[in-house]
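Enquirer: Give me a 3D structure for the following:
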Amino acid sequence: MNDLVINETLEELSLRQRAVTGLLELIAQSCDLTPAQHEAIRRHYTDKIEHLKECTWLRQYDLSLEPQGSVSYGVPVRPIERKHSEHDVDLLLTVKAREGEFGSDELHREVGNQLRSKYRAIMSPIRYGWQLDYAETERFHFDIIAAIPTRHAGQEMVAVTDWKSRDWKPSNPIGFRDGILQAAARLPLIDGQGEHLLLNSRMNTANAKEVIVVPLPENTPMKMPLQRAIQLTKRYREVWFSRRGKLLQKTPSIILTTILWQAYERFVLGKKFSSIFAVLETLASHLDDTTILNIQVDGYNRVTYNLPNPTVSGENLVKRWNEPERAKEAEDYFMWVKDYQAFVRSLTRIRGLNWLQPLLSEALGSELVDPVFKRMTEAVRSTPTRAAVGYTPALGITSAAAISIPHHTYDGIP
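Expert: From the prediction side, this is the model:
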């Protein structure tokens, strides 16, 4: 009898994990660019490179314009603070010139002049380039960063124009993008019974090109666990800092992305997990890992942090945390990480959608969460006894035919 109770408990836990994974997938999809936006972006950057090629000064060089940043490796999250809550699309313009042919000021000026000739009304300068604002009409803006090829610490990368320092800054956004995508494509071992139903309907035993997600009517490209973990963490950060009036002090995305990337390679790959949710929980638990952040305390109790950029040798992504006037940024980081870890741990302890919805809304924002629950309840019509509510592999709600609903849960999640 005791064994039966234990088995039922494990089955209920597995069911809740699958249900939460499905809900998080639907919520995270709300962070993504729509297919129409993807198409508009492709059209725009084709137009931009053609316009830049018309510049007499730029015409003497080969040019390339390609996406970089979060959109390029599939983890976009619309910032909360912007008026139109638009996506930030980063484009890297590489001018194939030799180092020393011109200074960063000259490149910045020539690119700016050419863009201004057509896009003056929507254009503004930023530290490393220029911004073109399509937020009101298409819910995204472009940051166009100008660069030349360079070699830094024996590695091929680019040097971008730095308007503030009036000099070049070594950078490797394409290497960073490729590193994230390569890591995400390597998958953990998922060993949970029943989890294979979820995985096989979404991924190819943890990796799939497409997934049918109920109640969405269309096939939806599935993101890998690392990508979804980055998106959900970034979204929680946005909401956490927004509610405290500290959006300008929020932890930069490159820091979160790098920590999760390193945690994925060190603590997920090659390991066995009972569920996808267990992978997400493991990644959250290592956001404050002292070995990833290389936290050192000296004899005077002074703390220093070092998070190496995996693609730019010698760059410490949290260098400013070591400056006395920036110490509060590190404190805020560890504070919201603790809250995020507690939130993730609590997700599979909640019994019932009526309790889960407010928890998710509080943590990730009702504007993302509430529409998911509305669409789900419209797709899975309840009866007074909820006998018809059940598990579908993509979403995680159980069917009466698959498993009986425990008394007084009434929400399809035990």
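Enquirer: need the contact list for the most centrally placed residue in the chain.
Expert: Ranked by distance to the mean C-alpha position of the chain (CA atoms, centre = their mean), the top residue is Gln231 at 2.7 Å. Residues in contact with Gln231 (CB atoms under 8 Å, 6 or more residues apart in numbering) are 28, 31, 75-77, 223. Using the backbone N, CA and C atoms, a C-beta is placed for each residue, glycine as well.
Enquirer: Name the member of these that has the highest neighbour count.
Expert: Within the contacts of Gln231, Val75 tops the neighbour count with 27 neighbours, counted by other CB atoms under 10 Å.
Enquirer: for that residue, what are its contacts?
Expert: 180, 223, 227, 230-231, 234, 257.
Enquirer: Show me the strands in the stretch 1-150 of the chain, by range?
Expert: Applying DSSP state E, counting those that start in this stretch to the stretch 1-150 of the chain gives strands spanning 63-68, 87-95, 123-126, 129-134, 140-152.
Enquirer: Please name whichever of those is nearest to Glu378.
Expert: Minimum separation from Glu378 across the strands of the stretch 1-150 of the chain (CB to CB) falls at strand 87-95, 27.1 Å.
Enquirer: Can you give the strand pairings for the closest one, parallel or anti for each?
Expert: Sheet pairing here is set by DSSP bridges, and for strand 87-95 it gives strand 63-68 (antiparallel), strand 140-152 (parallel).
Enquirer: For the last one, the averaged confidence score.
Expert: Just to be clear, that refers to strand 140-152. Across strand 140-152, the average pLDDT comes to 94.
Enquirer: Could you tell me the angle between it and strand 129-134?
Expert: Interaxial angle of strand 140-152 relative to strand 129-134 (axes from the mean of the first three to the mean of the last three CA atoms, to 10 degrees): 160 degrees.
Enquirer: ok, Lys169 touching Tyr128?
Expert: Yes. Between Lys169 and Tyr128 there is a contact at 7.3 Å, judged by CB atoms under 8 Å.
Enquirer: between the contacts of Val75, which is closest to Ala363?
Expert: Lys234 (12.6 Å).
Enquirer: Confirm the residue nearest to the centre of the chain sits in a helix?
Expert: Yes. Counting by DSSP: H, G, I helix; E, B strand; the rest coil, Gln231 is part of a helix.
Enquirer: circling back to that earlier point, just say which of the strands paired with strand 87-95 is most tucked in.
Expert: strand 140-152 (a mean of 21; mean count of other CB atoms under 10 Å).
Enquirer: Find the residues that touch each one of Lys169 and Tyr128.
Expert: Residues touching both Lys169 and Tyr128 by CB under 8 Å, 6+ apart: 160-162.
Enquirer: Highest neighbour count among the residues you listed?
Expert: For the shared contacts of Lys169 and Tyr128, the largest neighbour count, defined by other CB under 10 Å, is 28 neighbours, found at Thr161.
Enquirer: how is the protein carved up into domains?
Expert: As assigned by automatic domain parsing, the chain contains the domains 2-33+181-371, 35-171.
Enquirer: Mind putting these into a markdown table with distance to Glu378?
Expert: Output for the domains of the chain, formatted as a markdown table (distance: least, CB to CB, whole Å):
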| stretch | distance to Glu378 |
| --- | --- |
| domain 2-33+181-371 | 7 |
| domain 35-171 | 22 |
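Enquirer: Pick out the shakiest of those, pLDDT-wise.
Expert: Looking at these, the bottom one is domain 2-33+181-371 with a mean of 83.
Enquirer: roughly how far is that domain from the heart of the chain?
Expert: Averaging C-alpha positions (CA atoms, centre = their mean, to the nearest Å) puts domain 2-33+181-371 9 Å from its chain's average.
Enquirer: could you measure the nearest residue to His51 once chain neighbours are set aside against Thr257, distance?
Expert: Spatial nearest neighbour of His51, chain neighbours left out: Lys118 (5.6 Å); criterion: CB to CB, 6 or more residues apart in numbering. Separation of Lys118 from Thr257 (CB to CB, to the nearest Å): 33 Å.
Enquirer: Those two: which is more packed in?
Expert: Of the pair Lys118 and Thr257, Thr257 is the one with more neighbours under other CB under 10 Å, namely 22 against 15.
Enquirer: Relative to Leu92, how far out is the more buried one?
Expert: Distance from Thr257 to Leu92, by CB to CB: 17 Å.
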